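# Turn this into a model:
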Amino acid sequence: MRMIKTKRTRNGGTWTESQYWTAIRSALRQKFSYWKPGQAVKLSARRKYSGKGRRKWEYQCNVCKQWFADEDVQIDHIKPVGRLKCYDDIVQFLKNLTPESTDNFQCLCRVCHQNKTNLERKLNRRLKEK
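Numbers count the residues shown, from 1 in each chain. Here you go, the predicted model:
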């Protein structure tokens, strides 16, 4: 089987189109990771830690209802932010990434967040196949 080489048309011929949009998506997500409405949801899922150690707070996962350390929880967009694969997608991507209300955010542990993401990807693949 012969491999088809993807053209590298971005960044001086060193990036594929996919790498280009991945970099933009990643930069936007990183820049808006401390968006105030999302952080407010995380604060509302917090309680004082009563166990041993230096941890001050713990956070409850919205799905499994267990309590976790700060580094083990993530803020999830209930409605997926969407894909960013071309210039036409930018406006909707930013609107979904930065809602002004807390209604579209939830606090999830890493495992529940990954399970939700995997399920969404699986459903999207099935929709594309039809």
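# Ser33 looks like it's in a helix, true?
No: Ser33: not assigned to a helix; according to DSSP: H, G, I helix; E, B strand; the rest coil it is coil.
# center of the protein - which residue?
If you average the C-alpha coordinates of the chain and look for the closest C-alpha using CA atoms, centre = their mean, you land on Asp76, 6.0 Å from that point.
# hang on, isn't that one packed against Cys109?
No: Asp76 lies out of contact with Cys109 (CB atoms under 8 Å); the separation is 10.1 Å. Every residue, glycine included, has its C-beta placed from N, CA and C.
# Now the residue nearest to the centre of the chain: phi and psi?
phi -110, psi 140 (degrees, to the nearest 10).
# buried ones in whatever helix or strand Val111 lives in?
Per DSSP states H and E, Val111 falls inside helix 110-129. When neighbours are counted by 16 or more other CB atoms under 10 Å, the buried residues of helix 110-129 are found to be Cys112, His113, Lys116.
# from those residues, which is closest to Asp70?
Of all those, the one with the least separation from Asp70 (CB to CB) is His113, at 14.2 Å.
# Who's the closest spatial neighbour of the closest one, skipping the chain neighbours?
Of all residues not flanking His113 in the chain, Gln74 sits nearest, at 4.9 Å (CB to CB, 6 or more residues apart in numbering).
# what do you get for Leu94?
Once flanking residues are discounted, Leu94 sits nearest to Leu28: 7.1 Å by CB to CB, 6+ apart.
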